[in-house]
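Chemist: Got a predicted model here, sequence first, then my questions.
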Amino acid sequence: MDALERIKKQVTDNPIIIYMKGTPDFPQCGFSARATQALNSCGVEYAFVNIYEDEEIYRALPKFANWPTFPQLYVKGELVGGCDITLDLHQSGELQKMLQEAATAKAA
């Protein structure tokens, strides 16, 4: 399975997934740290991929959704965006609603 196929499977199999530099417990850039803080504050379980641990995914991900930067947040198979969009959605309360809906859909 090539990197693009693996990304598609990860995005499909996980209702909420963030591709980031590092891990939620040890983010390796400020943007990834702020994005995961927003996700964590919503209290919803999510998956993550440390792009530094898989060079093929690191190189293929910008092509997957035509989004050049990291982190990248996907909810219900769709790219939400990066750090700035995630923080804007969090401030407006939309992120909480979006994540709750995705988590509830998975449980059903």
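Modeler: Structure received.

Chemist: So in this structure, which helix runs the longest?
Modeler: The single longest helix within the chain, with elements called by DSSP state H, is helix 94-107.

Chemist: List the buried residues in that helix.
Modeler: With burial defined by 16 or more other C-beta atoms under 10 Å, the residues of helix 94-107 counted as buried are Leu95, Gln96, Met98, Leu99, Ala102, Ala103. Bear in mind the C-beta positions are built from the backbone N, C-alpha and C, glycine included.

Chemist: next one: stretch 75-85
Modeler: Buried residues in stretch 75-85, counted by 16+ other C-beta under 10 Å: Val75, Lys76, Leu79, Val80, Gly81, Gly82, Cys83.

Chemist: among the residues you listed, which two are most distant?
Modeler: The distance between the two most remote of those (C-beta to C-beta) is 19.6 Å, for Lys76 and Cys83.

Chemist: mind checking how far the longest helix of the chain is from the chain centre?
Modeler: Relative to its chain's centre, helix 94-107 lies at 13 Å (C-alpha atoms, centre = their mean, to the nearest Å).

Chemist: Contacts for it next, please.
Modeler: Here helix 94-107 makes contact (C-beta atoms under 8 Å, 6 or more residues apart in numbering) with 15-16, 38-39, 42, 44-46, 75-76, 80, 86, 89-90.

Chemist: Out of the residues you listed, which comes closest to Glu55?
Modeler: Nearest to Glu55 among the contacts of helix 94-107: Tyr46, at 22.8 Å, using C-beta to C-beta.

Chemist: Look up phi and psi at the closest residue to the closest one other than its chain neighbours.
Modeler: Leaving aside its chain neighbours, Tyr46 sits nearest to Ile16 (3.9 Å; criterion: C-beta to C-beta, 6 or more residues apart in numbering). The phi/psi pair for Ile16 (degrees, to the nearest 10) reads phi -140, psi 120.

Chemist: For Ile16, list the residues it contacts.
Modeler: Counted by C-beta under 8 Å, 6+ apart, Ile16 has contacts Leu39, Val44, Glu45, Tyr46, Ala47, Leu73, Tyr74, Val75, Leu99, Ala102, Ala103.

Chemist: again, only this time at 7 Å
Modeler: Contacts for Ile16 (C-beta atoms under 7 Å, 6 or more residues apart in numbering) come out as Val44, Tyr46, Ala47, Val75, Leu99, Ala102, Ala103.

Chemist: Cheers, nothing more for now.
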